[in-house]
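*Asks:* Make a model of this:
(one chain, ligands or ions: 2)
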Amino acid sequence: MAGIVVVFDFDKTIIELDSDNWVVDELGFTELFNQLLPSMPWNSLMDKMMGEIHAHGKTIEDIEEVLKRAPIHPRIVPAIKSAHALGCDLRIVSDANVFFIETILNHLGIRECFSEINTNPGYVDDNGRLRILPYHDFHTSSHGCHRCPPNMCKGLIIERIQASLAKEGKKKIIYLGDGVGDFCPSLKLKEEDHMMPRKNFPVWDLICENRVLLKAEIHEWIDGEDLELILLQLINSIIIAEEKIFNPTAQLLASDCKFQTIPISVHESLHPLPVPH
Ligand SMILES: [Mg+2]
Ligand SMILES: [Zn+2]
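*Replies:* Ligands and ions are numbered 1, 2, ... in the order given. Purely as a prediction, here's the structure:
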């Protein structure tokens with residue numbers, strides 16, 4: 001294991017657009033969505049929209065079909081697979097919902113690359129209607145962060161991940177995101193961590209305006225191709241730096257191997273291979 005935790009936002013970071021908007025728009029409910037948005041929190045509205053969509057005879061299969069054709073840059077899946085193959089622990093922190101995210105990740109064949117999906121719960125009820133619940137139950141108590149929507153503070157999730165890092169023997173976090181909600185977690189990152197904001201997206205604007213508030217190293221990216229290149233370079237440079245720290249041990253092991261090869265070469269010289277004439 002590389003000792004690196006890579007945290008991905010989902011909408012507009014892994015897929016090209018916002019999965020909530022994509023489902024609402026593709027099923028023809030944009031107008032109703034825009035009409036209701038000023039009156040309730042986004043997460044509560046998505047649950048209501050799923051009720052409307054169900055009442056109009058749209059099935060779970062209709063929603064799945066829309067999700068499976070959500071646009072994604074062709075280099076994102078290879079980037080995720082490579083980061084996983086390099087031994088990184090990949091996690092998702094998203095304000096979408098578990099039903100949308102798992103449907104898309106399973107369809108792309110990369111669900112198993114992620115050890116954790118932190119998002120709003122979602123399930124299909126007995127009537128075949130998708131229910132979407134808040135990650136943080138704001139009806140009982142507030143999460144206390146003024147920067148974030150009532151249903152989720154991504155900063156608190158990062159703090160929980162950070163608290164478990166030492167126990168799991170991991171050292172660094174690389175965070176990738178695009179939205180306003182990715183700013184709070186970027187403030188929680190430490191000097192040894194890396195923030196990858198999507199250039200010209202809201203989190204990038206916020207970081208540019210508040211650069212002094214961030215301790216982590218910042219690496220901007222534009223699209224999936226850029227994300228793949230920068231993320232894999234970063235992971236490789238961290239792995240190489242880690243190997244240098246452990247270099248004395250590596251040299252010791254190498255000298256051990258030399259001792260072991262001596263009897264083998266003696267053995268070979270006693271029984272030389274037949275030389276063809
Ligand atoms: Mg996003
Ligand atoms: Zn927050």
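*Asks:* Quick check: mean pLDDT of stretch 26-35?
*Replies:* Throughout stretch 26-35, pLDDT has a mean value of 98.
*Asks:* Using PDB, write out every CA atom in it.
*Replies:* Once non-C-alpha atoms are left out, stretch 26-35 reads as follows in PDB (Å, rounded to 0.1, in the frame of the first residue of the first chain):
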ATOM      1  CA  GLU A  26     -33.200  13.800 -18.900                       C
ATOM      2  CA  LEU A  27     -36.600  12.700 -17.400                       C
ATOM      3  CA  GLY A  28     -38.200  16.100 -18.200                       C
ATOM      4  CA  PHE A  29     -38.600  17.600 -14.800                       C
ATOM      5  CA  THR A  30     -36.400  20.700 -15.000                       C
ATOM      6  CA  GLU A  31     -39.200  23.200 -14.800                       C
ATOM      7  CA  LEU A  32     -40.700  21.700 -11.600                       C
ATOM      8  CA  PHE A  33     -37.200  21.400 -10.100                       C
ATOM      9  CA  ASN A  34     -36.400  25.100 -10.700                       C
ATOM     10  CA  GLN A  35     -39.800  26.100  -9.500                       C
END
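*Asks:* Please enumerate residues in contact with it?
*Replies:* For stretch 26-35, contacts defined as Cβ atoms under 8 Å, 6 or more residues apart in numbering pick out 21, 24, 45, 49, 52-53, 58, 62-63, 66. C-beta: built from backbone N, CA, C; applies to glycine.
*Asks:* Check stretch 51-70 too.
*Replies:* Counting by Cβ under 8 Å, 6+ apart, stretch 51-70 makes contact with 15-17, 19, 22-23, 26-27, 29, 32, 50, 100, 103-104, 107, 124, 127-130, all of which sit outside it.
*Asks:* Who are the packing partners of the helix or strand encompassing I158?
*Replies:* When secondary structure is defined using DSSP states H and E, the element that contains I158 is helix 154-168. Where contact means 3 or more Cβ pairs under 8 Å, 6 or more residues apart in numbering; DSSP states H and E, helix 154-168 is packed against strand 4-8, strand 89-97, strand 172-177, helix 183-188.
*Asks:* hmm, it in reach of ligand 2?
*Replies:* Yes - when contact is scored as Cβ under 5 Å from the ion, part of helix 154-168 falls within range of ligand 2: G155.
*Asks:* So which bits of that helix are buried?
*Replies:* Along helix 154-168, these residues count as buried under the neighbour rule (16 or more other Cβ atoms under 10 Å): 154-158, 161-162, 165.
*Asks:* How about stretch 199-215?
*Replies:* Applying a neighbour-count criterion of 16+ other Cβ under 10 Å, the buried positions in stretch 199-215 are 201-204, 206-207, 214.
*Asks:* Narrow those residues to those in helices?
*Replies:* Among the buried residues of stretch 199-215, the subset assigned to helices under DSSP state H consists of 202-204, 206-207.
*Asks:* Quick check: which of these are also close to ligand 2?
*Replies:* The subset of those lying close to ligand 2, counting by Cβ under 5 Å from the ion, is empty.
*Asks:* mind putting these in a markdown table, distance to K171 and pLDDT included?
*Replies:* A markdown table is the format used below for those (distance: Cβ to Cβ, whole Å; pLDDT from 0 to 100):
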| residue | distance to K171 | pLDDT |
| --- | --- | --- |
| P202 | 29 | 98 |
| V203 | 24 | 98 |
| W204 | 26 | 98 |
| L206 | 26 | 98 |
| I207 | 23 | 98 |
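*Asks:* Strand 172-177 and the helix holding I158, what's the angle between them?
*Replies:* Our comparison of helix 154-168 with strand 172-177, counting by axes from the mean of the first three to the mean of the last three Cα atoms, to 10 degrees, yields an angle of 150 degrees.
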